[in-house]
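> Quick check, what structure comes out for this input:
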Amino acid sequence: MSYKMETASFINDLDRVARIRSDVAMGLSRMAETLDSSESEGEKSSGSLGLEADVQDLTAASKNLRQGVFRLLVLGDMKRGKSTLLNALIGEKLLPSDVNPCTAVLTTLRYGPEKKVTVYFKEGKRPEQLDFTTFKEQYTIDPDEAKKLEAEKKEAFPNVEYAVVEYPLPILEKGVEIVDSPGLNDTEARNQLSLNYINNSQAILFVLRAGQPLTLEERRYLDNYIKGRGLTVFYLINAWDEIRKGLVDPDDADELQEAEERLRQGFRSNLAEYCQVDGYDLYSDRVFELSSLAALRRRLKNQEESLEGTGFTEFMGALNSFLTKERAVAELRQAKVLARQSASRVREAVDRRIPLLEKNVEELQQRISSVEPEFEKLTEIGDRFQGEIKLTRDRKARAIADSFRSYILDLENTFESDFLRYQPNLGFFDSLQKGKREEFNAQFKQAFEQYINDKIAAWELTAEREIEEAFSGLAQSAQQYGASYSQVASSMTEKLIGQKLHANPNEVEPDSPGWAKWAMGFFSLASGNVAGVVMASAGFDWKNILVNYLAVVGITSFVAVFTGAFLGLWSIPILGLGVGAVQVEQGRKELIKATKKEFVKYLPKLAQDQWQPINQTVKDCFDAYEREVSKRINDDIKSRRAELNNLLEQKRSRDIDRESEVKRLQRLDSEIASELRNVEEGYQYLISSPV
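Next comes the predicted model:
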């Protein structure tokens, strides 16, 4: 697909989406207010209709739409030009592009009427609010000092958790939030902080550099944290215009074309596997060649100048299509479904209430009593579904905990071959030289941490897929139980009023009650990914579950002590042999074998100690789902009972002005239907308007 879009068009489209989201949010809010007002008024006439749950859901959805942002997470190795790329994207030299605090501190960039920064610290220290100039002064370090810290694997600002930069920029004002991460080769702790943002971002901008098709470190992160997770990732090959600098004759067009084509083939061979989504090849939709510095220079000179030839018109077109079509449409579709559900509930309640207004107390009591078997059936359906959730919970919790135990114990069989790729950059022979021992130990420790983190991440991915499959099965069950529930509810209404209600022409989603649609994922901003929503709401985080796994393994203590003692013993005999290549390689192999021997001692304890926390946390995830399903089912049954009992109570206590009450109920139905049309028009306008 060919994408073309200049900056002004991009911002205009974001503005259009922001306005539509605001309009739809207002529509949902007005529906909630209308229902709330009607329920209060109904308490003084024929009784409320039991629509409290609809009021709550509409209010929450309206709030989510108003507060929603398009969060872009920028990932990439150090020195890939991330800051220059972001400056070009936002159209201002906001982030310093040399060694700077934005490469050392994770920074969230969001809209604010004034330029200011809030720095958040570790260990409970209160946040510090600074003006932008002061932030640059306090958190910028000398380039030479930065290189030294990088070599020593130390953080420039170890006490800083992250920073939030507020800035009055048009792209940010339209609902875009950018998270600028440190380099992927910074530290494992900093890497984890960056990666924790992945699932809370709408898109990831993975920045590469034209001179290096894909480094081992970049592949490591793509394999362990990106691949197979269903994330939307744009791969941005930066500094494409610098290819010319490496040519023998920079002015030779043929030589330039040949060099560019070689690089394209290299990137395609490396990135193709990461651009496969549901059997589709999205390489041309997700990989872009950018000249960020050239684009930034043009925008600083003239905000309206074309970025043609820098790759940004194509990239912004693709990003715009994703944000304003795929993401925005998914969000507004949820709003539309929720609005339709509420309108349908109101229509049914009004259609039940009006015929029952004619009945006297005795007749009404008899009809209410006649539907008691239906109420019991509704409860039974809910109980069956809740039982299925619990069975799935117990089965999956045990299976996933067992899989972790087997996986950890199997590391003994794969350690030597797997650990080869994590070898320290410092050569084994160098580690024997005076003054190099400590450096080698530090690198070996970091390599071991990377190995452990990557192995855990690989297992996490398979475990998450198991959970997602389980929730997918429960969603299908919810549809079946919901259909049965709706049939019983329809039968109940027919008994009460003596006739069937006509189907709502607006109801095009599966014929299910609100609780079933929630269980099926219709009201998640993840476009039906109920597993993701439930896992997030339950605070599901493997890193929290396995928070002590490094401590259990004993990596911090045993690596430094063990390697130090081992190298001390090996240094004398190897040096005595003249330190030939064979001896050095043999020494390296012996170090790995000895490390494995020490490492596997800890594996049974790790496997055993973590079994119960994993089992319980998976159960907690399903329990959170079951509790919400149970609450929604019970609330629905209670509201149906309350709807009838409220009318009966009012009839017993006062004479109801039937004519006035019919008009009030019909007016309610009309007002809700009108707001529903406004919501649907907003959704339709978004999906029908061109990008």
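> what about the helix or strand that contains residue 471, average pLDDT?
Using DSSP states H and E, residue 471 sits within helix 437-497. Average pLDDT, helix 437-497: 86.
> again, but for stretch 614-629
Average pLDDT, stretch 614-629: 90.
> Mind listing residues that contact whichever strand or helix holds residue 237?
Counting by DSSP H and E, the element that carries residue 237 is strand 233-238. By Cβ atoms under 8 Å, 6 or more residues apart in numbering, the surrounding residues in contact with strand 233-238 are 80-82, 84-85, 203-210, 226, 267, 271, 274-275, 286-290, 292, 315, 318-319. Where C-beta positions appear, they are placed from N, C-alpha and C, glycine not excepted.
> Same check on stretch 298-313?
Here stretch 298-313 has contacts from 3-8, 88-89, 91-93, 240-241, 288-292, 294-295, 316, using Cβ under 8 Å, 6+ apart.
> Keeping just the C-alphas, turn it into CSV.
The C-alpha coordinates for stretch 298-313 follow below in CSV (Å, rounded to 0.1, in the frame of the first residue of the first chain):
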residue,chain,number,x,y,z
ARG,A,298,13.1,21.5,6.7
ARG,A,299,10.5,21.7,9.5
LEU,A,300,12.7,24.1,11.6
LYS,A,301,13.1,26.3,8.6
ASN,A,302,9.4,26.2,7.5
GLN,A,303,6.7,24.1,9.3
GLU,A,304,4.7,23.9,6.1
GLU,A,305,7.6,22.8,3.8
SER,A,306,7.1,19.4,2.1
LEU,A,307,9.0,16.5,3.6
GLU,A,308,8.9,14.6,0.3
GLY,A,309,12.0,12.6,-0.2
THR,A,310,12.8,12.1,3.5
GLY,A,311,10.5,9.1,4.0
PHE,A,312,8.3,11.0,6.5
THR,A,313,5.4,11.6,4.1
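> May I see the buried residues of the helix or strand harbouring residue 340?
Using DSSP H and E, residue 340 sits within helix 328-356. Buried residues in helix 328-356, defined by neighbour count with 16 or more other Cβ atoms under 10 Å: 328-354, 356.
> where's residue 50, which helix or strand?
Assessed by DSSP H and E, residue 50 sits outside every helix and strand.
> And the one 10 residues further on, by the same measure?
Assigned by DSSP H and E, residue 60 falls within helix 52-67.
> Need the residues that contact the helix or strand just after that helix.
Sequence-wise, the next helix or strand downstream of helix 52-67 (DSSP H and E) is strand 70-76. With contacts defined as Cβ under 8 Å, 6+ apart, strand 70-76 is touched by 14, 82, 85-86, 175-181, 183-184, 194, 197-198, 200-208, 218, 221, 323, 327.
> Among those residues, which are located in strands?
Members of those lying in strands (criterion: DSSP state E): 176-180, 203-208.
> just the residues you listed: which has the poorest pLDDT?
Lowest confidence among the ones in strands among the contacts of strand 70-76: residue 180, with 84.
> so what pLDDT did the closest residue to residue 405 other than its chain neighbours get?
Distance criterion Cβ to Cβ, 6 or more residues apart in numbering; nearest residue to residue 405, sequence neighbours excluded, is residue 607 at 4.3 Å. Note on residue 607: pLDDT of 87.
> Now for residue 607: which residues touch it?
Applying Cβ under 8 Å, 6+ apart, the residues near residue 607 are 404-405, 408-409.
> Buried subset of those, written for ChimeraX?
Buried residues within these, by 16+ other Cβ under 10 Å, are selected in ChimeraX with:
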select :404,405,408
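> Need the contacts of residue 607 in CSV (columns: secondary structure and pLDDT).
Output for those, formatted as CSV (DSSP: H, G, I helix; E, B strand; the rest coil; pLDDT from 0 to 100):
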residue, secondary structure, pLDDT
404, helix, 91
405, helix, 93
408, helix, 91
409, helix, 93
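> Between the contacts of residue 607, which sits nearest residue 66?
Of all those, residue 66 sits closest to residue 404, with 40.5 Å by Cβ to Cβ.
> if I read this right, the closest one contacts residue 612, doesn't it?
No - applying Cβ atoms under 8 Å, one finds residue 404 not in contact with residue 612, separated by 10.8 Å.
> which ones are touching the nearest residue to residue 642 once chain neighbours are set aside?
Spatial nearest neighbour of residue 642, excluding adjacent residues (Cβ to Cβ, 6+ apart): residue 50 at 4.4 Å. Contacts were defined as Cβ under 8 Å, 6+ apart; by that measure residue 50 touches 349, 638-643, 646.
> I'd like the distance between residue 50 and residue 38.
According to Cβ to Cβ, to the nearest Å, residue 50 and residue 38 sit 12 Å apart.
> Same check on residue 15?
To residue 38, residue 15 is 35 Å away according to Cβ to Cβ.
> Could you do residue 628 as well?
According to Cβ to Cβ, residue 628 stands 26 Å off from residue 38.
> Please say which of these two ends up with more neighbours.
A direct count of neighbours by other Cβ atoms under 10 Å for residue 628 and residue 38 places residue 38 higher, at 24 against 17.
> what about residue 499, how many residues close to it?
The number of residues packed near residue 499 is 10, by other Cβ under 10 Å.
> One more: residue 592?
When neighbours are counted by other Cβ under 10 Å, residue 592 registers 17.
> Please apply the same query to residue 619.
Each residue near residue 619 was counted by other Cβ under 10 Å, and the total is 19.
> distance of it from residue 445?
Distance of residue 619 to residue 445, given as Cβ to Cβ: 35 Å.
> Check residue 368 too.
According to Cβ to Cβ, residue 368 stands 72 Å off from residue 445.
> so the helix or strand that contains residue 677 versus helix 52-67, what angle?
In this structure, residue 677 sits in helix 658-688 according to DSSP H and E. Going by axes from the mean of the first three to the mean of the last three Cα atoms, to 10 degrees, helix 658-688 is angled at 30 degrees with respect to helix 52-67.
> Could you tell me how far helix 658-688 lies from the centre of the chain?
Helix 658-688 sits 34 Å away from the centroid of its parent chain (Cα atoms, centre = their mean, to the nearest Å).
> buried stuff in stretch 364-381?
Neighbour-count burial for stretch 364-381, with 16+ other Cβ under 10 Å as criterion, is recorded at 364, 367-368, 371, 374-375, 377-378, 381.
> So which of the residues you listed sit within helices?
Of the buried residues of stretch 364-381, the ones assigned to helices by DSSP state H are 364, 367-368, 374-375, 377-378, 381.
> Among those residues, which one lies nearest to residue 160?
Ranked by distance to residue 160 (Cβ to Cβ), those are led by residue 381 at 53.1 Å.
> how close does residue 237 get to residue 243?
Taking Cβ to Cβ, one finds residue 237 at 10 Å from residue 243.
> what sits in contact with each of the two?
Listed contacts common to residue 237 and residue 243 are residue 210; contacts here mean Cβ under 8 Å, 6+ apart.
> Could you pull out the helices in the stretch 201-350 of the chain for me?
Secondary structure of the stretch 201-350 of the chain (DSSP state H, counting those that start in this stretch): helices at 216-221, 253-271, 283-286, 292-301, 312-321, 328-356.
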